[in-house]
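Enquirer: Predicted model, plus sequence, below.
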2 protein chains.
Amino acid sequence: MSTTTPNKRLNLGNINPHVRAAKYAVRGELAVKSEEYRARIAKGDGTDLPFKQVISANIGNPQQLDQKPITFFRQVLSLLENPMLLEHEDVLVNQLGYKTDVLQRAKTLLGNVGSVGAYSASNGVPAIRQAIADFLERRDGFPANEGDIYLSAGASSGVNTLLHIICADEKSGVLVPIPQYPLYTASLSLLNATCVPYYLDEAKDWGTDLSAVKDAYEKAKADGVDVRAIVIINPGNPTGASLSEEDIRSVIEFAQRERLVLMADEVYQTNVFIGQFHSFKRVLRQLQKDEPGKYDDVELVSLHSVSKGMVGECGHRGGYFELVGFDPAVQAEIYKFVSITLCAPVIGQCLVELMVNPPREGEPSYALYRQEYDGIFEGLRERANALHKAFEQMEGVECGKPQGSMYLFPTIRVPPAAAAAAEKEGRTPDEFYCLRLLEATGVCVVPGSGFGQKSGSLHFRTTFLAPGTDWVGSIVKFHNDFMSKYS
Amino acid sequence: MSTTTPNKRLNLGNINPHVRAAKYAVRGELAVKSEEYRARIAKGDGTDLPFKQVISANIGNPQQLDQKPITFFRQVLSLLENPMLLEHEDVLVNQLGYKTDVLQRAKTLLGNVGSVGAYSASNGVPAIRQAIADFLERRDGFPANEGDIYLSAGASSGVNTLLHIICADEKSGVLVPIPQYPLYTASLSLLNATCVPYYLDEAKDWGTDLSAVKDAYEKAKADGVDVRAIVIINPGNPTGASLSEEDIRSVIEFAQRERLVLMADEVYQTNVFIGQFHSFKRVLRQLQKDEPGKYDDVELVSLHSVSKGMVGECGHRGGYFELVGFDPAVQAEIYKFVSITLCAPVIGQCLVELMVNPPREGEPSYALYRQEYDGIFEGLRERANALHKAFEQMEGVECGKPQGSMYLFPTIRVPPAAAAAAEKEGRTPDEFYCLRLLEATGVCVVPGSGFGQKSGSLHFRTTFLAPGTDWVGSIVKFHNDFMSKYS
């Protein structure tokens, strides 16, 4: 980190201290260093490096690695960007392989948005909100209302909006799982609100242990924190854990009892290898049906995104959130808040529509869509298992079976000499390990401390998105060398 | 506004009070009402309305109205969305009218970004930052550094980032012109920082009167405000005023003397009808050259966007800001801040590249680009003049000549009976006037109070983007009826 320049009007001593306090390791020091390596290699200036390429396993960015976009989606988007192509339907169909449903969808979306270069309504294009509501209804078997849906620039922007509304001052607390995706702790730091961490149970495949939640909640309350909401990331990031219906039910019951807003980050809802995804919305609606009256006041928001799953369109910054049980007057404030930044990117909004309303059986684009979708899913599963197998062979590394999301989050144990060497550098042992891994192999992962971990435990998060097995082999080799060196 | 539900966990009494305090009239009550009218008309449910269409003159959204996107831009974007089209170069060129420079640009950009579905670096694609630096160098005649450029989701997101860094607490003050684009006051409200208003001089075509700036600054300082920055919107929004080089120089001198960060909102830099655009960066560099040493410590940020100008691609949420003279340690904090929301939309970043690096003379797409660009410019000027002419004929309305941006901001004087009727409704007279205008004509404009105006004066802001003259005629007719009714 560079030192500050005190004679500048803005310096580290006087800028917003909450920005300074925020931590975001996923794109921190290691990520910056890995980009420097990548730039050197691209310039031909990396011949002295012990690796030939950088593998960015630090961030769930499928299309930076091997994942191809889904053809139907991109064909439609190309027509939205250049509607004049629609004047040449025969060329599109007969020479460029566009199916008729691609043309039809593009026309419908253009009818809805006008131009993708125009601002939409602040909460998103009405017809796209309706398409999301229809999807939620199909998914959950309960109605959804387009007026409760807000398009956002990826789920991150939705989280930012919601935490801005929820947190009134430094006493406002939000229960956040640890380990967690650091967007939550960083956003709470920026808002100068209180993060109330609850620990996930590694011994039980990173399950949500309600007694840990209760303990964290009671302790915070005793400390004078006004705990207002609980974040659940399901399937988990970085853990991949997928909650059972029973676990979700008990979280909802707890939130109902303690009057906590439920914030369900469900962006990995299609990345599930073990068990199945249960949406908070469906489980809540079922509880409301089963015990009329009791759950009427529960406030739930669930978030989704085009960035993950088999879509993997991170760069398009598309997402949405659905509010359930919110005060209409609060919703009006949310509408005003999102108005200030005008609207989510319109082409990203259209991609949300395509995600929630993909080609169906019998439609011309269905076969290819299905094949691509399933191929991506299987590819991710295979890579996850290959990486897991490698971790199983590594001394001092423990890793549960891949359950979902795009990550593995192994525990590592390092010899005392390595911990001492880390301390000498002013780093935690996991930072030290990950930095040495990057320097030796070009593989960039994120130290567990970037997500939070129980004191005394060490982890790192790696995506399993990169193709091939060379990089996995290079991790194994590095690990063995590291362990020998410090044993 | 709906009333709140006190038994909800989140209600108007306990959510973030700074969100509640923020005002954003551009998309406020009138805009919401106009969308309701639009929806009714679309459903065939508006036959009892006294108008057949809604004209959204409340927001600078060119492509919602008549403005066509520039062909070169959209052709390139269509290839970025579906790179498989590049496997059919002959079809593109011989049957679809794509020129070879379109194909070449798409290939270059794809080489730079990989996939538009992948996250880029947090501060933007390096090659696009370089293209912006090259543009700034051509525009200003002084070097620019890609490392000082940050891509953003439109200029709004850049303003949000910068105010987050600048404002440390409620004592932090920012000088903001009045009238202003309400993003500034709204963002300062959200941050609970202090807006220090300085009034523009309507009598001098809304020029920036340095003595007004000084008075506002001194008064705020005396009140204990730690004034840190000054916002200048040039060309002005909502006023259209374009600053002279001399005015810019005096603002820079003032900022240098008082150690204020200069925040130059230059998104309308190509929308200039009278005089010419002078960038703060160029004038600053010239001062630094002329008087070595004196201006070295000046900190300037300038913002630009794809949303305005002849590009008009609001829905793509593309923009950037350039930092000049900032502390590198503060820049590292800005980098971290933008990391938390990952990156600006990548297709929007590509559109920034196209905006700053359009086809040049001699290139295949140049002739059409030039023709489209000039056509849009002339169309805007003609519409601005037609609207201005109508205002000149209206009793109690005064409006300076159209100078730039996309707006006119006439003064209105309403009869005392109208002011009394407004008070009865709990509205300001300008809100009352604009609401009646909407109800009578379907034309949606924004009351001057949404931008700030001197006490006792009344205005409204209207874009001059809508095609045709019918809507202008309907404003004149409404105005005459309104004046008769309340005289």
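Expert: Everything's here; your move. Numbering: from 1, shown residues only, chains lettered A, B, ... in the order given.
Enquirer: doesn't A:Tyr320 fall inside a strand?
Expert: Yes: residue state for A:Tyr320 (DSSP: H, G, I helix; E, B strand; the rest coil) corresponds to a strand.
Enquirer: Quick one: neighbours of it, just the number.
Expert: Other residues near A:Tyr320 number 27, with proximity taken as other Cβ atoms under 10 Å in any protein chain shown. For the C-beta atoms, the positions are set from N, CA and C on the backbone; glycine is no exception.
Enquirer: what do you get for A:Asp374?
Expert: 11.
Enquirer: Counting neighbours, which bits of the host helix or strand of it end up buried?
Expert: A:Asp374 is part of helix A:366-392, with elements assigned from DSSP states H and E. By neighbour count on 16 or more other Cβ atoms under 10 Å in any protein chain shown, the buried set for helix A:366-392 is A:366, A:369, A:372-373, A:376-377, A:379-380, A:383-384, A:387-388, A:390-391.
Enquirer: And for stretch A:327-344?
Expert: Applying 16+ other Cβ under 10 Å to stretch A:327-344 flags A:327, A:329-331, A:333-344 as buried.
Enquirer: any chance you could map the strands in chain A?
Expert: Shown for chain A, the strands assigned by DSSP state E span residues A:55-56, A:149-152, A:172-178, A:194-199, A:226-233, A:261-265, A:300-305, A:319-324, A:397-398, A:407-408, A:411-412, A:443-444, A:446-447, A:460-463.
Enquirer: how about low-confidence regions in chain A?
Expert: Low-confidence segments of chain A, defined by pLDDT under 70, span residues A:1-2.
Enquirer: Contacts only, for the residue in chain A sticking out farthest from the centre.
Expert: Distance from the C-alpha centroid of chain A, by Cα atoms, centre = their mean, peaks at A:Asp90 (40.3 Å). For A:Asp90, the contact set (Cβ atoms under 8 Å, 6 or more residues apart in numbering or on different chains) is empty.
Enquirer: before we move on, what about A:Gly319?
Expert: A:Gly319 touches A:151-158, A:267, A:303-307, A:344, A:348, A:352, counting by Cβ under 8 Å, 6+ apart.
Enquirer: Quick check: closest non-adjacent residue to it.
Expert: A:Ser305 (3.9 Å; Cβ to Cβ, 6 or more residues apart in numbering or on different chains).
Enquirer: Same check on A:Asp66?
Expert: Going by Cβ to Cβ, 6+ apart, A:Asp66 has A:Pro467 as its nearest residue, at 3.9 Å.
Enquirer: thinking the one you found is in contact with A:Gln64, fair?
Expert: No: applying Cβ atoms under 8 Å as the test, A:Pro467 and A:Gln64 come out as separate, 11.6 Å apart.
Enquirer: For these two, indicate the residue with more neighbours.
Expert: Per other Cβ under 10 Å, whichever of A:Pro467 and A:Gln64 has more neighbours is A:Gln64, with 22 against 12.
Enquirer: pretty sure that one is touching B:Val116, no?
Expert: No: the pair A:Gln64 / B:Val116 is not scored as a contact, 11.3 Å apart, by Cβ under 8 Å.
Enquirer: For burial, what's the neighbour tally of the residue nearest to A:Gly319?
Expert: Neighbours of A:Ser305 (other Cβ under 10 Å): 30.
Enquirer: got a list of what it touches?
Expert: With Cβ under 8 Å, 6+ apart, A:Ser305 has these contacts: A:154-155, A:267, A:318-319.
Enquirer: Please name the residues that touch A:Cys414.
Expert: Cys isn't right for residue A:414; it's Val. A:396, A:422, A:429, A:432-433, A:458, A:482-483, A:486.
Enquirer: again, 10 Å this time
Expert: A:396, A:421-422, A:429-430, A:432-433, A:458, A:479, A:482-483, A:486-487 (Cβ atoms under 10 Å, 6 or more residues apart in numbering or on different chains).
Enquirer: swap in A:Gln64?
Expert: Applying Cβ under 10 Å, 6+ apart, the residues near A:Gln64 are A:56, A:312, A:314-315, A:463, A:465-466, B:113-115, B:117-120.
Enquirer: now swap in A:Tyr369 and tell me
Expert: Residues near A:Tyr369 by Cβ under 10 Å, 6+ apart: A:70-73, A:99, A:101, A:310, A:354, A:358-360, A:363.
Enquirer: So the nearest residue to it once chain neighbours are set aside versus B:Val301, what's the distance?
Expert: Residue nearest to A:Tyr369 in three dimensions, not counting chain neighbours: A:Pro359, with 4.6 Å by Cβ to Cβ, 6+ apart. As judged by Cβ to Cβ, to the nearest Å, A:Pro359 and B:Val301 stand 46 Å apart.
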